[in-house]
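fold the following and give me the result.
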Amino acid sequence: MRVLLVTGRLAYPVVKEAAASASTVAVDVIMADVGVAAFVTPKLLEPLIADKKDDYDLILVTGLCGSDFSKLEEKLGVKIRLGPKHAYDIPLALKYADKIEFSHKISACQLLSDVKRDSALKDFERIEADAEPAFMLKGVKVGGGSTMKVMAEVVDATRLSDVDLIRKIDSYASADIIDLGIPLESSPDAVRHAVKVARSATFKPISVDTLIPEYLEAGIEAGANLILSLEGSNMERIAPLVAKKDIPVVVIPDDESLGSLIRNVERARELGVKHILADPVLSPIGHGVAEAVCRYRDFHRLYPDVPIFFGAGNVTELMDADSIGVNAMLAGIAMEVGASVLFTTEASQKSAGGAEELKKACMMMALAKHRKGSPKDLGIDLLVIKEKRPRRDIVEPGTLVEAKKHKIQLDPRGSFNIWIDGGRIYAKNGDITVVGTDAESILHTIVDRGLVSLLDHAGYLQAELKKAELAIRFHRTYLQDDKF
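Predicted coordinates for the structure are as follows:
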């Protein structure tokens, strides 16, 4: 396949360098008489390629172009499509040049990103569909060859109103299993009610999380699908009931030792429990996390067929670091020690969105394991703040003017109060409140309705609305005029 890359004067050396790395297609680079490649138009491009159209199968202009080249393509009889927005994506685009159909409207980098992500998701679904589990938990495969699942805890579930409990369960859309954390000062009736509400709110498996026998019995009676947890203090009373109902259980040690866990697992088996998730207990950093990981590894070597429970939330909740990278690393460790279910909470603001992060991390690890490689270049990732490769924006600076502030005037059309709630942004001016999910559409609505009259004010609103949008994306709180 023969490809021609069209660029401008400024980007020509960079594009030339990127094109030189192509190995699957024959590629040339041509420079249009324009400084910035994004300003290439069909009128400018036609005389540049008219006598070369028969030499190429595909002509790629930068994905930053706003022009429509479809009519010129039809006139010249050669494909003219949008390439990547940035030069660093050119090698990837050329790699797929003879495999996919590039677009007149969508940049090649976005198109390839979608293709890779869709391929990754299909691979993940195929891995899970073909897997043989250790057991099924209300339609969810657990252990065996199945992928790691995420269990998300609703902390102090019996203290919540029905509305708040349902809202919290709904927020765990990415989780595979919903865990109801039961506080010590609860009651059997409260446990039964919480399980009933949870079962009405989701088709996902529901677990009851407590050591108190009366609460566990109430959870089983109400239809819980999993019991968390069995250990020495409740084993003799609860294990026979679990065995009779054939309910899976999480078994924990009495003293966080491997020997204690083994004794409890064996005792649960003696009492007829068939489906066990063994929890060697993941200690927080600073409290023996390395030793805990070794415990997981050693248990898995001794009991390779017993699914393992991995308490990732024990680490994320007790660490002042962004949870995204922490969850990715924990999922990788969990995969290597043979874990089947990863447990997390969103008990604090810093861990908000943790279930979604952990689920994506589990998908990444499943793909990496299947492809026998590292969790990179998979098509899905957890890169939210940082980027994989640097982008080089090549512009002509023109005349430089030093920036400085001037005194802000109050807008005669009034001021705005901005806040976020439930994943939406609200901007109130007088008796009108504009609501939406992205800064641009809210600002456009404000302008269209004549609610702003000063450029300063419009610029301020755009900055604040964008902060609000990012706060939602990053699961942060937002306070108007506060630093982000």
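
wouldn't Lys350 be in contact with Ser323 here?
Yes. If you go by C-beta atoms under 8 Å, Lys350 and Ser323 touch, sitting 6.5 Å apart. For glycine as for every other residue, the C-beta is placed from the backbone atoms N, C-alpha and C.

compare the two and say which is more crowded by neighbours.
The neighbour count for Lys350 versus Ser323, taken as other C-beta atoms under 10 Å, is higher for Ser323 (25 against 17).

from Ile380, how far off is the more buried one?
The gap separating Ser323 from Ile380 is 17 Å, by C-beta to C-beta, to the nearest Å.

same deal with Leu410?
Going from Leu410 to Ile380 by C-beta to C-beta gives 47 Å.

ok, those two, which is more surrounded?
Ile380 (18 against 10).

so where's the chain shaky on pLDDT?
Applying pLDDT under 70 to the chain flags the ranges 391-396.

what does stretch 58-70 contact?
With contact meaning C-beta atoms under 8 Å, 6 or more residues apart in numbering, stretch 58-70 is reached by 1-7, 11, 37-38, 40-42, 45, 49, 53, 78-85, 93, 97, 102, 104-105, 107-110.

just the buried members of those?
In those, burial by neighbour count holds for 3-7, 11, 37-38, 40-42, 45, 49, 53, 78-85, 93, 97, 102, 107-109, counting by 16 or more other C-beta atoms under 10 Å.

so which of those belong to helices?
If you go by DSSP state H, the buried ones among the contacts of stretch 58-70 have 42, 45, 49, 93, 108-109 in helices.

next, count neighbours for Arg192.
Arg192 is flanked by 21 other residues according to other C-beta under 10 Å.

ah, wrong one, I meant Glu266
Around Glu266 there are 12 other residues, counting by other C-beta under 10 Å.

and Cys362, by the same measure?
Look at Cys362: counted by other C-beta under 10 Å, it has 26 neighbours.

and it, how far is that from Leu277?
Cys362 is 16 Å from Leu277, where distance means C-beta to C-beta.

can you list the domains in this protein?
2-112, 131-370, 417-473 (automatic domain parsing).

reformat the ones you listed as CSV; add distance to Glu387.
Shown next, in CSV, are the domains of the chain (distance: least, C-beta to C-beta, whole Å):
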stretch, distance to Glu387
domain 2-112, 10
domain 131-370, 14
domain 417-473, 15
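
coming back round to it: strands - which of the contacts of stretch 58-70 land there?
Using DSSP state E, 2-7, 79-82 are the members of these that sit in strands.

show me which of those residues is closest to Glu73.
Among the ones in strands among the contacts of stretch 58-70, Ile80 lies closest to Glu73 (C-beta to C-beta), at 4.3 Å.

residue contacts, the closest one?
Ile80 is in contact with 45, 59, 61, 69-70, 72-73, counting by C-beta under 8 Å, 6+ apart.

do the same with His275
Each residue near His275 by C-beta under 8 Å, 6+ apart is listed here: 134-135, 137, 142, 246-249.

now with 7 Å, please.
135, 248 (C-beta atoms under 7 Å, 6 or more residues apart in numbering).

now it: how far from Val341?
When C-beta to C-beta is the yardstick, His275 and Val341 sit 12 Å from each other.

could I get the phi/psi values of the residue of the chain positioned farthest from its centre?
What lies farthest from the middle of the chain is Asp51; by C-alpha atoms, centre = their mean that is 47.9 Å. Main-chain dihedrals, Asp51, degrees, to the nearest 10: phi -90, psi 0.

relative to Asp57, how far out is it?
Applying C-beta to C-beta, the value for Asp51 to Asp57 is 16 Å.

now swap in Leu318 and tell me
As judged by C-beta to C-beta, Leu318 and Asp57 stand 57 Å apart.

try Thr7
Computed as C-beta to C-beta, the Thr7 to Asp57 distance reads 19 Å.

same thing with Asn417?
57 Å.

again, but for Val40
With C-beta to C-beta as the criterion, Val40 and Asp57 are 20 Å apart.

do the same with Asp456
Applying C-beta to C-beta, the value for Asp456 to Asp57 is 52 Å.

between the ones in strands among the contacts of stretch 58-70, which sits nearest Val242?
Nearest to Val242 among the ones in strands among the contacts of stretch 58-70: Leu82, at 59.1 Å, using C-beta to C-beta.

just the domains of the chain: most buried one?
Ranked by average neighbour count under the criterion mean count of other C-beta atoms under 10 Å, those are headed by domain 131-370 at a mean of 20.

and it, how far out from the chain middle?
How far domain 131-370 lies from its chain's middle: 21 Å, per C-alpha atoms, centre = their mean, to the nearest Å.

now do the same end-to-end measure for that domain.
One end of domain 131-370 sits 12 Å from the other (C-alpha to C-alpha, to the nearest Å).

what does stretch 84-104 give?
12 Å.

next: stretch 44-54.
Note: stretch 44-54 ends 18 Å apart using C-alpha to C-alpha.

before we move on, what about stretch 309-317?
Using C-alpha to C-alpha, the end-to-end distance of stretch 309-317 comes out at 17 Å.

which residues touch it?
153, 250, 277-279, 281-285, 289, 323, 326-327, 330, 334, 339, 341-345, 347-348, 351, 354, 358.

next: stretch 126-135.
With C-beta under 7 Å, 6+ apart as the test, stretch 126-135 has contacts from 141-147, 248, 275, 305, 307, 366, 370.
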